[in-house]
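[1] Model the structure of this input:
(chains A, B, C and D)
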Protein chains: 2
Amino acid sequence: MISERSLAVLRAIVQDYVASREPVGSKTIVERHSFGVSAATIRNDMALLEEEELIAAPHTSSGRIPTDKGYRMFVDQLAAMRPLSAAQRQAIDTFLGESSDLDELLARTVRLMAQLTKQLAVVQVPNFSSVRVQHVELVAVAATRLLCIVISDAGQVEQRVTELTAPITDAELSAVRSKVNALVAGQMLADAATAVAAAAGDAELARSTAAQVLRAVGATITDQVKVQTSHRLVVAGAANLVRTEQDFSGSILGVIETIEEQVVLLKLFGEMATEQHEVAVRIGRENTEQGLAETSVVSSAFSLPGRDISRLAVVGPTRMDYSSNIAAVRAVARYLSRALGSE
Amino acid sequence: MISERSLAVLRAIVQDYVASREPVGSKTIVERHSFGVSAATIRNDMALLEEEELIAAPHTSSGRIPTDKGYRMFVDQLAAMRPLSAAQRQAIDTFLGESSDLDELLARTVRLMAQLTKQLAVVQVPNFSSVRVQHVELVAVAATRLLCIVISDAGQVEQRVTELTAPITDAELSAVRSKVNALVAGQMLADAATAVAAAAGDAELARSTAAQVLRAVGATITDQVKVQTSHRLVVAGAANLVRTEQDFSGSILGVIETIEEQVVLLKLFGEMATEQHEVAVRIGRENTEQGLAETSVVSSAFSLPGRDISRLAVVGPTRMDYSSNIAAVRAVARYLSRALGSE
DNA sequence: CATTGGCACTCAGTCTGGGTGAGTGCTAAT
DNA sequence: ATTAGCACTCACCCAGACTGAGTGCCAATG
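    From the prediction side, this is the model:
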């Protein structure tokens, strides 16, 4: 069993190493922290910690640095929750307070997180949850140019312009409009697409202008489905990652590539969704992905009204300030979910 | 006056340096290129080029590397236009062929450019040109929840949900709808916003539900204006920039920060818009911006139907393959403007 | 038995100096 | 104008000495 003091030593090592980027030795610890014991005693504790693989020595004789396992213990048991400063709370309010559309909001969010944590920040764009078609609108922009608009019950709009082979009269258009709306209003998107496709394929219509219109509507609905199931990430603060380049033994190239890939992070978010903690942390090699072996990911779920639960995160070197990053990620996620949710 | 051969030497130096990242000496030149003269002669030419500040020596005695001015001369007079390979043309077709919505198209474009050029790629999101209100739609989502949709003649849609203080009847809603459409249909966005605001401020209505609706419409129109004047950039290929890190004397940190700022690049695009060449190139310190002093920007305009002319670019170290980057940027811009424009 | 002081040992980092070679600049010959 | 020859410069590499932070172990101590 590891003694209480040994854990305190681990905490000291993590804190000092995060602060200084230098392996920390027994002497430094007794100087900077007031343990009531001598350096030799600390050394004994450190030998213990090393045996447990919580710390390691970069070279035979130098200070120790925390291992992934050491950081894990720190995060799980030792990290004091550091409340955000007043200035930081203020920043969240002013940055996110004046929300406009979703893209803008998420762009602000991700920039805010990058700024608060001095790390690379990522936000997953949340999908709409269980969307139904509310209304289909058809507008003749010109004689043979038709604007087709599909509005979902979540207020999401998808539009597309189609070129018809023959002009269409207002009367015809009205007829098709009524028919389409009768067909799809209130339907789930996928069902609506099928229904429209079936109608367009109907023999008696097949070569008519109306069928063209129906096909256009179907394509627009399909587009909307596509937009909603496209899992996208918004990223900011790449400069912060470059700034911490020295914390990576290889280069940050792999890390940046992995993040640009997006798919890896999306997969990771999926895995993290099952964790019970409000803020989930993946440390170093706990990320099975090659590119993230030297990074930690601090992530939390958030939800916006009418949208699926989604995630935001910061990504940085394992040598990061977990306390404040966890606090910042949690605060932003909560702000998004509560302040904006109850609005 | 600089002799013909001296210029050929400059070309050789640029090409070799771009290929090898190593200062190139007189001996290397006579070995790799078949000038019919000895190294000493080349040295004389090099002395000339150095006098003209087209090349410079990193240390007293080592090979020469091109200066910004040298690259400029290379680009203006010496760079052979390198046609894209069949594979590259193919890539453009398959990547951009199946276009869906604008965001998706631009995301593909920027990724494609990053891949083709192995540089960081940027695309400016084009605004709609001279937009008018086509139609305003009001939908009661619930008794006191109103969905307000503004559709422009370019097919751009902006929607927003408002909470009313009192329920509104279908009849009232119809009346307001007609009134609003009469007011704003066909108007430019800015005028429409003013007109609606005036109507809402009208004394006899001021405290009515109708006024609330009008204000909602006004806000939605204003949102649409905002979205359209928001100049945004889409970026991809940051990993490529990191890969060329050694080409930067400082660190790439400043470069990445500058690009994340966006505003600098947008300003640069504004300046480049006046250039007469199809593809504009800014080399090193020609970019007055601090952060881009060691980078070159290769940029071209493109236009999509119904949108303002906009720009795309690649950004990389001054030591880049100008011939192929220029070719790639031009090809992508043309593809966007022509293939998609005539669609 | 935990703690401590003492001490030998290890080893990364730094500094030094000589050697090497690529490459130049100059000069005199062609 | 071009060339060969030659002295010179200077970044780079290597090996060796030195330094100092830090460890590991042991014997002494309360």
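
[2] For the closest residue to A:Ile55 other than its chain neighbours, which residues are in contact?
    Distance criterion CB to CB, 6 or more residues apart in numbering or on different chains; nearest residue to A:Ile55, sequence neighbours excluded, is A:Arg64 at 4.1 Å. C-beta here means a position set from N, CA and C on the backbone, and glycine is covered the same way. Counting by CB atoms under 8 Å, 6 or more residues apart in numbering or on different chains, A:Arg64 touches A:13, A:23-25, A:46, A:49-50, A:55-57.

[3] List the buried residues in the helix ranked longest in chain A.
    Here the longest helix in chain A is taken by residue count, with DSSP state H as the criterion, and it is helix A:209-229. Residues of helix A:209-229 classed as buried: A:209-225, A:227-228 (neighbour count, 16 or more other CB atoms under 10 Å in any protein chain shown).

[4] hmm, that helix touching chain B?
    Yes. Against chain B, helix A:209-229 shows contacts by CB under 8 Å from any CB of the partner chain at A:223, A:226-227.

[5] Give me the average confidence score over that helix.
    Throughout helix A:209-229, pLDDT has a mean value of 81.

[6] quick one: contacts of it?
    Contacts with helix A:209-229, where a contact means CB under 8 Å, 6+ apart, come from A:127-128, A:131, A:133, A:136, A:138, A:146, A:148-150, A:152, A:156, A:158-160, A:162, A:164-166, A:168, A:172-173, A:175-176, A:180, A:184, A:189-190, A:192-193, A:196-197, A:199-200, A:202, A:205, B:100-101.

[7] related to what we said a few turns ago, right, and out of the contacts of A:Arg64, which lies closest to B:Thr94?
    A:Ala56 (48.4 Å; CB to CB).

[8] From A:Phe248, how far out is the closest one?
    17 Å (CB to CB, to the nearest Å).

[9] So for those two, which sits in the more crowded spot?
    A:Phe248 (18 against 15; other CB atoms under 10 Å in any protein chain shown).

[10] Next one, pLDDT for that one please.
    The model's pLDDT for A:Phe248 equals 93.

[11] Against DNA strand C, how distant is the closest residue to it other than its chain neighbours?
    Ranked by CB to CB, 6+ apart and with sequence neighbours excluded, the top spatial neighbour of A:Phe248 is A:Glu294, at 5.2 Å. Here A:Glu294 is placed at a distance of 18 Å from DNA strand C (CB to the nearest atom of the strand, to the nearest Å).

[12] Correct me if wrong: A:Glu294 contacts A:Gly316.
    No. Using CB atoms under 8 Å, A:Glu294 makes no contact with A:Gly316, being 10.0 Å away.

[13] which of the contacts of A:Arg64 are buried?
    Neighbour-count burial (16+ other CB under 10 Å) applied to those gives A:13, A:23-25, A:46, A:49, A:55.

[14] If we only consider the residues you listed, which is nearest to DNA strand C?
    A:Pro23 (9.7 Å; CB to the nearest atom of the strand).

[15] In contact with the closest one, which residues?
    A:17, A:57-58, A:62-65.

[16] Then A:Gly291?
    By CB under 8 Å, 6+ apart, A:Gly291 lies in contact with A:254-255, A:257-259, A:261, A:264.

[17] So for A:Glu294 and A:Gly316, which residue has more residues nearby?
    A:Gly316 (26 against 20).
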